[in-house]
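S.K.: How does the following fold in three dimensions:
(chains A, B, C and D)
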Number of protein chains: 2
Amino acid sequence: MSGGGLTIGDAAARAGLPVKTVRYYDEAGLVRPARGANGYRVYGETEVHKLAFLRRARGLGFSIEACRALLSLYEDHGRASADVRRLALDRVAQIDDKLAELQELRQVLVELVDACQGDTRPDCPILDRLSGEAGS
Amino acid sequence: MSGGGLTIGDAAARAGLPVKTVRYYDEAGLVRPARGANGYRVYGETEVHKLAFLRRARGLGFSIEACRALLSLYEDHGRASADVRRLALDRVAQIDDKLAELQELRQVLVELVDACQGDTRPDCPILDRLSGEAGS
DNA sequence: CCTTGACCTTCCCGTTACGGGAAGCCCCAC
DNA sequence: GTGGGGCTTCCCGTAACGGGAAGGTCAAGG
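M.R.: Numbering: from 1, shown residues only, chains lettered A, B, ... in the order given. Alright, predicted model coming up:
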């Protein structure tokens, strides 16, 4: 009872993360716990909060590097909210790029699917397109 | 001149792929060229067509395994177009899942961004949300 | 004939964010 | 003291290649 020191298992449970992930965040330098005399990682409340923070940030799709930036802003009480906002906007832009790409692919695929009879015969506009017969 | 045999570099150029990728497709068993006496890969027209086919299929986001299936249907002249269509529909479903996920994330992020002043002050609803203050 | 330079070969590492599993130490309960 | 957890580190695998090293080959030019 050294005053609330948690083992990695307990910390992970409280943060809602797998132990492996918590260990990864340590190795990645995101949340570095103290070490006990036995070599065990020792997590305090602060670390647990950071882990939960990371869980939510990752849930929004922020990369580990973006999380590192967010975490440092989180800990910097003199931060400018504009910096946080910029990171979020970057993420939105990323998502928008991906959305546009996927929507384009979807469009093409649906057109091909619609053009294909989908029966037992071998004639297939999808394969024609893939084989280079410049459909549409 | 053994009648049209291409080296990997020429085959890759004709198919519009990087040499590394073509080598990878060989190793993955997608397009296995013959080998010359010197150990060089030798590509014929058929292989080049298959490589171009793969380039287009990959461009539509089909995984290597899906490409393997598509390629075998492409080569099977007795195929049923329904099988091809199914693969394409699977891909559409995959895309739809991803689109839904990204749209949800985008929604949340945009709300947070809109709620954030983005000035020089430290108050930030984005960080509040990430730190667990259940905003909205 | 020999050399350059551009090709080709294989092999290995790095990418993203972990998950699985092995080998070995530690600790608590019975 | 003897389990059976939980902890440690380390290594491999993921998808689909890209980068680069070490070494063999080939066609052209001097």
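S.K.: sec struct for the residue of chain A positioned farthest from its centre, please.
M.R.: Among residues of chain A, the one most distant from the C-alpha centroid is residue A:121; the distance is 43.3 Å, by Cα atoms, centre = their mean. Recorded secondary structure, residue A:121: coil (DSSP: H, G, I helix; E, B strand; the rest coil).
S.K.: My guess is it contacts residue B:83. True?
M.R.: No. Under the criterion of Cβ atoms under 8 Å, residue A:121 makes no contact with residue B:83, lying 11.2 Å away. The way it works is simple: take the backbone N, C-alpha and C, and place the C-beta from them, glycine included.
S.K.: and residue A:127, how many neighbours?
M.R.: By other Cβ atoms under 10 Å in any protein chain shown, 23 other residues sit near residue A:127.
S.K.: whoops, I mixed them up, residue A:37
M.R.: 6.
S.K.: Check for me that it belongs to a strand.
M.R.: No. Using three-state DSSP, the secondary structure at residue A:37 is coil, not a strand.
S.K.: State the phi and psi torsions of it.
M.R.: Main-chain torsions, residue A:37, degrees, to the nearest 10: phi -60, psi -30.
S.K.: Now do the same contact list for residue A:61.
M.R.: A:91, A:94-95, B:102, B:105 (Cβ atoms under 8 Å, 6 or more residues apart in numbering or on different chains).
S.K.: Roughly how far does it sit from residue A:8?
M.R.: 25 Å (Cβ to Cβ, to the nearest Å).
S.K.: on that earlier part again, got the contacts of residue A:61 as a markdown table, with secondary structure columns?
M.R.: Formatted as a markdown table, the contacts of residue A:61 follow (three-state DSSP):
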| residue | secondary structure |
| --- | --- |
| A:91 | helix |
| A:94 | helix |
| A:95 | helix |
| B:102 | helix |
| B:105 | helix |
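S.K.: Compare those and tell me which is most surrounded.
M.R.: residue A:91 (22 neighbours).
S.K.: got any ranges where chain A has weak pLDDT?
M.R.: For chain A, the stretches with pLDDT under 70 are A:1-3, A:135-136.
S.K.: Would you map the helices across it?
M.R.: A:8-15, A:19-27, A:45-59, A:64-75, A:81-115, A:125-130 (DSSP state H).
S.K.: That concludes my questions; thank you for your assistance.
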